[in-house]
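*Asks:* What shape does this take:
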Amino acid sequence: MHLLPADGYAHLTPPAVLEALDGVGLRGDGRLLQLNSYENRVFQVFLEDGRVVVAKFYRPGRWSDAQILEEHAFALELAEQEIPVVPPMPLDTARGPQTLIEASIEGHRHRFSVSERRAGRGPELDDTDTLRWLGRFIGRVHEVGATRLFAHRRQLDPASFGVPARNLLLEHELIPPAQLPAWQSACDAALALAQQCFDEAAPLRTLRLHGDCHPGNVLWRDEGPHVVDLDDACNGPAMQDLWMLLSGDASARAAQLRELLAGYRQFMRFDERELLLIEPLRTLRMIHHSAWIAERWADPAFPVAFPWFGTAAYWSQQTTHLREQLEAMNEPPLQL
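*Replies:* Here you go, the predicted model:
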């Protein structure tokens, strides 16, 4: 992990976006709406032919071309199996149809993709039928994801997801000196215990995942759930795409997971050893989130969105959360 450049989107003005799309045969009628996205810059664009598309400009320095193209290939593979995802559109270029387009804007390289606009609402996670439907959906995604692994995208485990995040925060001296010893001690202990839990659950089946399957990333329509973005797709254990859909106390989460798995198991076997991974995965996400903000702090949108980041209060709170996770990881896993 590394700090990303400060001027990644400085030249990405509305006229530049429209010109980039015009270069691949998508002529806008002048109407353009920027959608909410911290990671990338995403625009809803109205075209002269009456269509509406979504253009995603990737954050410079985050993913390689090979990593993005693997994401695209996975989305297209899911779509071919009639699994409800919104894949990138192949666009006309001098090299033939491509899903990843490069545009030079004021001498800066910008990569983007375009997909159909597909709206939806959040899933009702207190509804049993919804949970079972989501389980079937994720099971179908994993059925395809299990056929092979990504060659270029990251692996989700403590060594590759948590340790680099901790190291970035330490190497760039982003934690105030007064809070550093307590945070580092709690973080090191949490990562060690997370690795112990992964070891206890081994051997784990690794497959291609959505990677960031929280309720905000699953859109619901009358015909059921779908996803429009696989930006965080990775290799990892199946539980990563399940645990973020759970909420409440242990009893409530266990009941929700039973319903999810009732649907999931119609398509995929679930290894109950992965119940050991729920709290370790939550711990990894917590540490990674701090590093995710830090990497992008030079982006003017981040200090506005996360004004508390870097304060003594923030790091004291993170230390408390990590200590709570140490307790949670030492408790018995959820019982189905």
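*Asks:* What is the burial count for residue 92?
*Replies:* Look at residue 92: counted by other CB atoms under 10 Å, it has 13 neighbours. (Glycine included, C-beta is placed from N, CA and C.)
*Asks:* Test my guess that it contacts residue 25.
*Replies:* Yes: look at residue 92 against residue 25 with CB atoms under 8 Å: they come within range, at 5.2 Å.
*Asks:* Flag every buried residue along the host helix or strand of residue 140.
*Replies:* If you go by DSSP states H and E, residue 140 is part of helix 128-145. For helix 128-145, a neighbour-count test (16 or more other CB atoms under 10 Å) marks 130-145 as buried.
*Asks:* so which of these comes closest to residue 31?
*Replies:* Nearest to residue 31 among the buried residues of helix 128-145: residue 137, at 32.5 Å, using CB to CB.
*Asks:* any idea how the chain splits into domains?
*Replies:* 14-116, 149-250+273-330 (automatic domain parsing).
*Asks:* Save the ones you listed as CSV, and put in distance to residue 260 too.
*Replies:* Listed next are those as CSV, based on distance: least, CB to CB, whole Å:
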stretch, distance to residue 260
domain 14-116, 17
domain 149-250+273-330, 6
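*Asks:* Can you tell me which of the ones you listed is most buried?
*Replies:* Across the domains of the chain, averaging neighbours per residue (mean count of other CB atoms under 10 Å) puts domain 149-250+273-330 on top, at a mean of 18.
*Asks:* First-to-last residue distance for stretch 32-45?
*Replies:* End-to-end distance of stretch 32-45 (CA to CA, to the nearest Å): 5 Å.
*Asks:* Can you pull out the residues in contact with that stretch?
*Replies:* 9, 12, 14, 17-18, 21, 26, 28, 31, 46, 52-59, 62, 117, 231, 296, 301-302, 305 (CB atoms under 8 Å, 6 or more residues apart in numbering).
*Asks:* pLDDT of it, averaged?
*Replies:* Regarding stretch 32-45, the rounded mean pLDDT is 93.
*Asks:* chain center to it, what's the gap?
*Replies:* 16 Å (CA atoms, centre = their mean, to the nearest Å).
*Asks:* For the stretch 51-200 of the chain, which segments count as helices?
*Replies:* Applying DSSP state H, counting those that start in this stretch to the stretch 51-200 of the chain gives helices spanning 65-80, 128-145, 163-171, 180-201.
*Asks:* got the contact list for the shortest one?
*Replies:* By CB under 8 Å, 6+ apart, the surrounding residues in contact with helix 163-171 are 1-3, 174-175, 184, 187-188, 191, 287-288, 290-292, 294-295.
*Asks:* The second one too?
*Replies:* Outside helix 128-145, the residues that touch it by CB under 8 Å, 6+ apart are 74, 77-78, 81, 83-85, 123-125, 207-210, 213, 218, 220, 224-225, 238, 241-242, 245, 256, 259-268.
*Asks:* Same question for the first one.
*Replies:* Residues outside helix 65-80 that contact it (CB under 8 Å, 6+ apart) are 58, 63, 85-88, 99-100, 111, 113, 141, 144-145, 150-153, 208, 230-231, 233.
*Asks:* Just the residues you listed: which are in strands?
*Replies:* Among the contacts of helix 65-80, the residues falling in strands (DSSP state E) are 111, 113, 208.
*Asks:* quick one: contacts for residue 85?
*Replies:* 75, 78, 79, 141, 226, 227, 228, 230.
*Asks:* Check residue 187 too.
*Replies:* Contacts here follow CB under 8 Å, 6+ apart; on that basis residue 187 touches 166, 287, 322.
*Asks:* so who does the second one touch?
*Replies:* Read that as residue 287. For residue 287, the contacting residues are 162, 165, 166, 187, 190, 191, 322, by CB under 8 Å, 6+ apart.
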